[in-house]
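1. take this sequence and fold it.
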Amino acid sequence: MTKAFKTLDDIGEITGKRVLVREDLNVPMADGAVTDDTRLRATVATVSELADRGAIVLILAHFGRPKGIPSPEFSLSQVVRPYAAVLGRPVRYVDWEGATDAVAMLQPGDIAVLENTRFFGGEEKNDPAVVDRFAALGDLYVNDAFSAAHRAHASTEGLAHVLPAFAGRAMEAELDALEKALGAPEHPVAAVVGGAKVSSKLDVLRHLVTKVDHLIIGGGMANTFLAARGVAVGKSLCEHELASVCEQILDAADKANCIVHLPYDVVVAKEFKPNPATRTVNVHEVAADEMILDVGPAAVESLGDVLKNCRTLVWNGPLGAFETPPFDTATVALAKTAAALTQDGSLVSVAGGGDTVAALNHAGVANAFTFVSTAGGAFLEWMEGRELPGVAALRR
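-> Next up is the predicted model:
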């Protein structure tokens, strides 16, 4: 099947060719050590394949927010050693000063990390002069950083217009998964959308009601929808001023034949701390001095039954305050159901966003989903139905 974008399979003979590869090396660090190497590991397939095929691999990436001002704090040189350990290969570091000469010395199969792309003020403005500066170092361009694809920067979008452009293996896997989840999914489709605030996910909800058959709303967002339906939510986190917006979303769902699932039993407490006194009540029985902190067991069981009748699941955000026990119970239970259905082959499950990845790891099921995206902003914009500039630039 021909894909909408070119991949490494379309690249041809590349021995000795200089390939500029946009990766996401923006990893958290403490005391000179990488504290989470997920993003580094995601690059291995593309970088190793290109090096094995004889390319000179030149990695472009940003690190932090230096705002166009070079500084040691934001230098990618500190990532080179941990990155080489993850790749299991030597990795060189190339500063922008003298980059042309340094690249000219590299041999087929060599891998180098170029200094932080954001040391140029024009990187984030997609300045043609910066695009040309990068392009002068390479023969081909590979974008492997879906997590930065929602930004039209010189290294994520501009280069795709001036060099032959291809999707790397991580980008390819991400785009294939997203296509299966919302592009051309197998119905019925369910979406789980959780998190603290409706206001941060209004566009996601508006888009999803037109795309999915079941919309499961959890987290603090559910309280706002319950309040919009006239339910007294006590001291719960709630954006009461968004009641009319919630009504509009519920009306749009009705018109689109999308069933919206709100919790009908909930776990409440009088204070938000680990393992306080809790009670499980019907949503109409929340006292004025209580707050809703998780979805109740009856609702979770019925949501599990919804998933058993679906073929596709998109998940973004937890159902309760999952970082604080016991309010992780609903998220863990539903995640385990989704994972089991995925492993049975009856459900395609795609999840994304920082909190979601943390919640699925906490439940021990991240590896059992069809695909888990580490992208935050890019995944949300995709769920809003937006065209991502870095992806659009790769289209055939």
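2. each with direction, which strands does the helix or strand hosting Ser349 pair with?
-> Take DSSP states H and E as the rule and Ser349 turns out to sit in strand 348-352. Partner strands for strand 348-352, per DSSP bridges, with pairing direction: strand 312-316 (parallel), strand 371-373 (parallel).
3. may I see those strands arranged in CSV, with distance to Thr356 and mean pLDDT as well?
-> C-beta: built from backbone N, CA, C; applies to glycine. CSV is the format used below for those (distance: least, Cβ to Cβ, whole Å; pLDDT from 0 to 100):
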stretch, distance to Thr356, mean pLDDT
strand 312-316, 6, 96
strand 371-373, 8, 91
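4. about what we covered before: what mean pLDDT does the strand holding Ser349 get?
-> When pLDDT is averaged over strand 348-352, the result is 94.
5. after that strand, which helix or strand is next?
-> Taking DSSP H and E as the definition, the helix or strand right after strand 348-352 is helix 354-363.
6. which strands and helices sit next to that next one?
-> strand 312-316, helix 329-344, strand 371-373 (3 or more Cβ pairs under 8 Å, 6 or more residues apart in numbering; DSSP states H and E).
7. which one of the ones you listed is the most hemmed in?
-> strand 312-316 (a mean of 26; mean count of other Cβ atoms under 10 Å).
8. report the backbone C-alpha coordinates of that strand in PDB.
-> The C-alpha trace of strand 312-316 is given here as PDB (Å, rounded to 0.1, in the frame of the first residue of the first chain):
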ATOM      1  CA  THR A 312     -10.900   1.200  18.200                       C
ATOM      2  CA  LEU A 313      -9.900   3.200  21.200                       C
ATOM      3  CA  VAL A 314      -8.200   6.600  21.500                       C
ATOM      4  CA  TRP A 315      -7.100   7.600  25.000                       C
ATOM      5  CA  ASN A 316      -5.900  11.000  26.300                       C
END
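9. what angle separates it from helix 354-363?
-> 110 degrees (axes from the mean of the first three to the mean of the last three Cα atoms, to 10 degrees).
10. which one of the helices and strands packed on helix 354-363 lies closest to Ala45?
-> Distances from Ala45 to each of the helices and strands packed on helix 354-363 were compared using Cβ to Cβ; the shortest belongs to strand 371-373, at 14.3 Å.
11. which other residues reach that closest one?
-> Residues external to strand 371-373 that are found in contact with it (Cβ atoms under 8 Å, 6 or more residues apart in numbering): 146, 173-174, 177-178, 181, 349-353, 356-357, 360, 366, 379.
12. equivalent analysis for stretch 65-72, please.
-> Surrounding stretch 65-72, the residues in contact under the criterion Cβ under 8 Å, 6+ apart are 73-74, 96, 115-116, 118-124.
13. what's the PyMOL syntax to select whichever of those residues are buried?
-> Here is the PyMOL command that selects only those of these that count as buried (16 or more other Cβ atoms under 10 Å):
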select buried, resi 74+96+115+116+118+119+120+122+123+124
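14. which of the helices and strands packed on helix 354-363 sits closest to Val27?
-> Nearest to Val27 among the helices and strands packed on helix 354-363 is strand 371-373 (16.5 Å), distances taken as Cβ to Cβ.
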